[in-house]
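Student: Please work out how this folds:
(chains A, B, C and D)
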Number of protein chains: 4
Amino acid sequence: MKEVRIGLVGTGYIGRCHAIAYAQAPTVFPLKGIIVKEMLAEINEDLAEKKAKDFGFTRFTADWHQLVSDPRIDVVDICVPNFLHKEVAIEAIKHGKHVYSEKPLALTAADAAEMVAAAKKANVKTLVGFNYMKNPAAQLARQIIENGEIGEIVHFYGTHNEDYLASPQTPIDWHCKKALAGLGALGDLAAHIVNMAHYLIGNIREVAGDMQTVIAERPDPQAPSKRAKVENEDQASALIRFESGVMGVIETSRIASGCKMGLTYVVTGTKGSITYTQERMAELKLYRHDEPVERQGFKTILVGPSHPDYAPFCVSAGHGFGFNDQKTIEIRDLINGIAAGDKLWPDFEEGLRVSKVLEAIAQSAQERRWVQL
Amino acid sequence: MKEVRIGLVGTGYIGRCHAIAYAQAPTVFPLKGIIVKEMLAEINEDLAEKKAKDFGFTRFTADWHQLVSDPRIDVVDICVPNFLHKEVAIEAIKHGKHVYSEKPLALTAADAAEMVAAAKKANVKTLVGFNYMKNPAAQLARQIIENGEIGEIVHFYGTHNEDYLASPQTPIDWHCKKALAGLGALGDLAAHIVNMAHYLIGNIREVAGDMQTVIAERPDPQAPSKRAKVENEDQASALIRFESGVMGVIETSRIASGCKMGLTYVVTGTKGSITYTQERMAELKLYRHDEPVERQGFKTILVGPSHPDYAPFCVSAGHGFGFNDQKTIEIRDLINGIAAGDKLWPDFEEGLRVSKVLEAIAQSAQERRWVQL
Amino acid sequence: MKEVRIGLVGTGYIGRCHAIAYAQAPTVFPLKGIIVKEMLAEINEDLAEKKAKDFGFTRFTADWHQLVSDPRIDVVDICVPNFLHKEVAIEAIKHGKHVYSEKPLALTAADAAEMVAAAKKANVKTLVGFNYMKNPAAQLARQIIENGEIGEIVHFYGTHNEDYLASPQTPIDWHCKKALAGLGALGDLAAHIVNMAHYLIGNIREVAGDMQTVIAERPDPQAPSKRAKVENEDQASALIRFESGVMGVIETSRIASGCKMGLTYVVTGTKGSITYTQERMAELKLYRHDEPVERQGFKTILVGPSHPDYAPFCVSAGHGFGFNDQKTIEIRDLINGIAAGDKLWPDFEEGLRVSKVLEAIAQSAQERRWVQL
Amino acid sequence: MKEVRIGLVGTGYIGRCHAIAYAQAPTVFPLKGIIVKEMLAEINEDLAEKKAKDFGFTRFTADWHQLVSDPRIDVVDICVPNFLHKEVAIEAIKHGKHVYSEKPLALTAADAAEMVAAAKKANVKTLVGFNYMKNPAAQLARQIIENGEIGEIVHFYGTHNEDYLASPQTPIDWHCKKALAGLGALGDLAAHIVNMAHYLIGNIREVAGDMQTVIAERPDPQAPSKRAKVENEDQASALIRFESGVMGVIETSRIASGCKMGLTYVVTGTKGSITYTQERMAELKLYRHDEPVERQGFKTILVGPSHPDYAPFCVSAGHGFGFNDQKTIEIRDLINGIAAGDKLWPDFEEGLRVSKVLEAIAQSAQERRWVQL
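Tutor: Reported below is the predicted structural model:
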């Protein structure tokens, strides 16, 4: 079986999730390739060495340029801060590497477009870490829609709300800086729900958005007595129209008190509807309008081995499903895509498509008009 | 104690609810006036007689003009089809009657404005049947907001979704006809959530809307083989900004499969949030961000005697609260307003304000631009 | 139509609920008799007069003996403290009155048996106020069971838990005194869930119980520095077997922190199951095992006009249902039973049967063995 | 760092979960020992070889005797069918191996007692796979109880219900055979909830049980036209008293239609209560009675990095937690216990204590009397 040699760049929060998934994947799935944790890169030698040991990588470096040019690397896995995604990806592609990047693909759609072009030219494979669509519940939602079980789709409502900046006393951090984060809640959070909308319903044609920086200034952690300016939006909402004509609304917020993992969606069709919240990631609610009126109601389906990609984790239904398990499915896709040519999606093109939607919302909010995609 | 002599015009679905509330109110509340069920009007003599007996009204008539001009009537209670609200109200006001009208106040904001002007000129009292804001849970929500328990408000999301026209096979009815209903889901349903937004957050300053007639034609009940044109929107969504600058979204649908009584709201503040769905009308969820992080979470509060207007119905908490109970609170307000001068709200001015918001959404959807109020 | 002349004895918490239901019933239902609020009795003349006015009763008295012997009374409605139920009922029966008594029927099964015997001898009609089984959701549960929709019943779990005495600092009151209340949580609360078990599954054959007075002493409201002895159980549990052989468990508590109206049941059958909690009295959850495994799940059914006894209150589904609405259905049964001979249930025999089960649980707990009924 | 060399016996359903956890653990946790997947045993050479490859074990064998006597094995991990637990464990202990066994420890308490004695004599370490108590939500529940946040505990209700044998048409399997499974639902499922009761509340002093084989015969998969006898209970219930005097009830069923992972508990105290269901394994509900009455209610706490053992999996709250993650915590305990002497619990003594409770319930059900432990 073919080896897939991974070069991991960045070992923070999400890099750690990738490492857990690399560890878990080969036992969970019968992969079509062998994962080789070849090398990782971190900001300095000591940390890199420690992380290589923690994550089981053979080699390490404090210079990511070395990693992306290493001949024994097949895939560069980008888990660095968002503002560096583009630079690392372009460089990796130059060296003919396949690239697996965390979301958002880049700080701007223009940057994302360059990445797509580079990957296309170099004919390398790409994958973006939109892990929530890998969840069995999300796959089940799509199956229900594709089967026509809820009829023709007439409406989509989706959110990605969290509350990590809900308190005005929370100090400023990189999320609030344009140069480091690009957009605010839109880039950090809404990327996921836009991807989910694409996955479940299809591409988006036009948007009318509104957005707001609610907390204009926050304590400066460097100078506690001072306050620093927040440079991007705390929350945004948009009316959307899909290419199919379906209406919808997308909302996002990083100050949504009480939402810890508020990726939610309601998909309405002529024959039924489904509702989902990521905070209960192991269940999906389904309503069928064609049941006798006296027995109609939302049914709570617990994901189990009869649903996509659950059985490899556990053969009993309702036993739960975790965040890292989603990432493990994503890694399965990555390995099977690289080693055996299985379809890799969401790829950089989807990452670009998502970026365009997010920028269109921001542009629409500024110009106060509908924006076409 | 002063008598308040009621003249009820219309005894269908909602007229019946009024009758139940008139029956219940004097036992539930220590009213400041005596309800006298003086006269009712229906489409023909026989039905009027039957209904007078069922509802306990002393006199009846098949001609509402007779009722509104009767000297022994103090309040005209309008439960006729929406397209007749204006005519009956204006005529009643001419005769110096106080008017209690079901929502929507009229088919258009222009009509509503005439009604407001007439009432003002005649110096009569008015009330509109936005009953959902009378619910103890809604009153509790407002109390929490006013107390500052969830900090400064930063976002409002509200819906009024139902599914009475979800199936494309459901025959056309008056809801779908402009001459009889005016707007579609906006007029029939969204009126409630706009009023609730006003009640909880304040007045709305501007909107950007989208709307859609999803099922363009429906079976004609008169001619089963034919299909008749649907003349107004099945669903609508709007970005909104309150006068205070608070951002929000309002959605409405009459084809929202699975929503039986989908009046819902999420109010987010800098210190917490509240969520509510009318389908569980006896509970409110409250989140406080200032609790220790390891004990944060949404709390499900069951309404009870420590909350507004619940104790008169039942002295034990969590024993439930019903649809007609809301209407009973509304009747209490009506009687105390007429007999003792207590504040009457939502009055015709609020009815007009709601109509303006609904029309602004429809206009915005057609002109594809933000519309100011 | 025949008049049914009511004599109400006691106008406290539950008497008030009766009054609300008498007021509401004739408008909600097409009754088979005319409710005449003839007379009420209270502890003194002044209170009786005030209550007669509040509740719309024609006459009043401070002496219930006068009421039960009044020739113009058809039904004596007993809402006095539990320890007086028997005395009032027996006296009323002596005068040939039909009797409608609140639960528990009496403080002991022996007393209840005397009441049953007296009613039988006098050939009067009886009804006990087990209102929770009148709820559309409970009627739906029974319908589902009777239809065989969940197969053969294999298990019942039921509770009636509240928390009105949860805090050890709550002063002692009549609930804790044997002479005034008889049993503790069993008599006050479990009576309802035992009746519900009878209604849904059938009669109980044997029990094995356990019970506990957790808070042995409570502050004495008369002498704040002293503590008074609690004389009956705070909580009880019982293994039960129905006559059909079905296994089950019943639990009750008045110190169940967090339970405001914790009447709940889970009924399991070979083909499905239903679960219910009175705190969400307008919904019932239904699971069908014969659905395809990948679409199995509990369905949340909102009560609506397609379910028993809901439509007279509201023609739209999911609009909610309140505590007093249950009582209104009970009053409908009372009037139709007295005026037109409709079946009256739960009658005194059922009240006695419930008392026997409760005493068997208490006896079993003391003797630490199974007790047959 | 010390190596901990694992010998895995059995690679079916639960063996696979162990393998996933071994793979994940070193990346998730900073372990105090190095996991060496030394050898596994399966029923034949081919399967053993395949599984060794799938699970990343170095060596394999078709003879578990060889594994338990291999000098390079430190811990024998027992994932074979229940009826073999004892034999494998005793043999492993003879060779001085530490033993990590799946639940139930043995088919009878007598067998479990032999295992405890053997382990004590050989001075080896032991661990039993009661993984549900490793869940952050369960650890949080215990923390809340230990902190006194819900006051003195007054009641425990716990279940472990599933529906894998709900349909009478489901063919007989090993679960139904005494020689292979010992007890029915009690042994297979209730073992978990009894352990949880011990963990949260303390040891159990006495029980009064009832049990039933509801489906007496099932289709014989070997001879489709015939029916085979079910030899153990489908469901059981028990009144329990803890050593502390706390009252409670435990129930278990393998025919509980709709319960996919029905491990649930309600713990009631004088100041509050907690409720939990494993089907929503990432949340715990907490009620505090000492909050102002108008703000009382159950709070839904989503597990996050402020709770025990969550942060190593994910640094964001509410992101979910999966079944295998529990097992990963268990493996962490195993490795740190063996390599560094950290406390190992639940050990064989706890496994024995659980077995004794289960047998006492069965004995009580047969003898229809309370049984002391």
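Student: Let me know how buried the closest residue to chain C within the stretch 51-200 of chain A is, in neighbour terms.
Tutor: Distance from chain C to each residue of the stretch 51-200 of chain A (Cβ to the nearest Cβ) is smallest for residue A:140, at 7.8 Å. The way it works is simple: take the backbone N, C-alpha and C, and place the C-beta from them, glycine included. Neighbour count of residue A:140, defined by other Cβ atoms under 10 Å in any protein chain shown: 25.
Student: next one: residue A:292
Tutor: Residue A:292: 7 neighbours (other Cβ under 10 Å).
Student: what comes into contact with the helix or strand of chain A with the lowest mean pLDDT?
Tutor: Each helix and strand of chain A was given a mean pLDDT (mean pLDDT, DSSP states H and E); the minimum falls on strand A:223-229 at a mean of 91. With contacts defined as Cβ atoms under 8 Å, 6 or more residues apart in numbering or on different chains, strand A:223-229 is touched by A:172, A:176, A:216-220.
Student: which of the residues in that strand are buried?
Tutor: A:227-228 (16 or more other Cβ atoms under 10 Å in any protein chain shown).
Student: Would you tell me what the next helix or strand after it is?
Tutor: strand A:235-242 (DSSP states H and E).
Student: Against which helices or strands is that following strand packed?
Tutor: strand A:204-212, strand A:247-253, helix A:348-367, strand B:204-212, strand B:235-242, strand B:247-253 (3 or more Cβ pairs under 8 Å, 6 or more residues apart in numbering or on different chains; DSSP states H and E).
Student: The closest residue to chain B within the stretch 51-200 of chain A: what secondary structure?
Tutor: The stretch 51-200 of chain A approaches chain B most closely through residue A:154 (4.9 Å), counting by Cβ to the nearest Cβ. Assigned with DSSP: H, G, I helix; E, B strand; the rest coil, residue A:154 falls in the strand class.
Student: show me the contacts for it.
Tutor: Counted by Cβ under 8 Å, 6+ apart, residue A:154 has contacts A:246-247, A:268-270, B:212, B:214, B:234-235, B:255.
Student: redo that, cut-off 6 Å
Tutor: A:268, B:214 (Cβ atoms under 6 Å, 6 or more residues apart in numbering or on different chains).
Student: ditto for residue A:331
Tutor: By Cβ under 6 Å, 6+ apart, the residues touching residue A:331 are A:21-22, A:25.
Student: Please tabulate these in TSV, including the columns secondary structure.
Tutor: Shown next, in TSV, are the contacts of residue A:331 (three-state DSSP):
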residue	secondary structure
A:21	helix
A:22	helix
A:25	helix
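Student: residues from chain A in reach of chain B?
Tutor: By Cβ under 6 Å from any Cβ of the partner chain, the residues of chain A that approach chain B are A:154, A:166, A:168, A:208, A:210, A:212, A:214, A:237, A:239, A:247, A:249, A:256-258, A:268, A:270, A:272-273, A:287, A:289, A:298, A:368, A:370.
Student: picking that back up, show me the one of the helices and strands packed on strand A:235-242 that comes nearest residue D:360.
Tutor: Among the helices and strands packed on strand A:235-242, strand A:247-253 comes nearest to residue D:360, with 53.9 Å by Cβ to Cβ.
Student: Partner strands of whatever helix or strand comes next after the closest one and their direction?
Tutor: Using DSSP H and E, the helix or strand that follows strand A:247-253 in sequence is strand A:262-269. Strand A:262-269 sits in its sheet next to strand A:153-161 (antiparallel), strand A:272-277 (antiparallel), going by DSSP bridges.
Student: Let me have these in TSV, adding distance to residue C:281 and mean pLDDT as columns.
Tutor: As requested, those are arranged in TSV below (distance: least, Cβ to Cβ, whole Å; pLDDT from 0 to 100):
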stretch	distance to residue C:281	mean pLDDT
strand A:153-161	28	98
strand A:272-277	23	98
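Student: Let me know which of the ones you listed is the nearest to residue B:334.
Tutor: Nearest of those (Cβ to Cβ): strand A:153-161, 36.2 Å.
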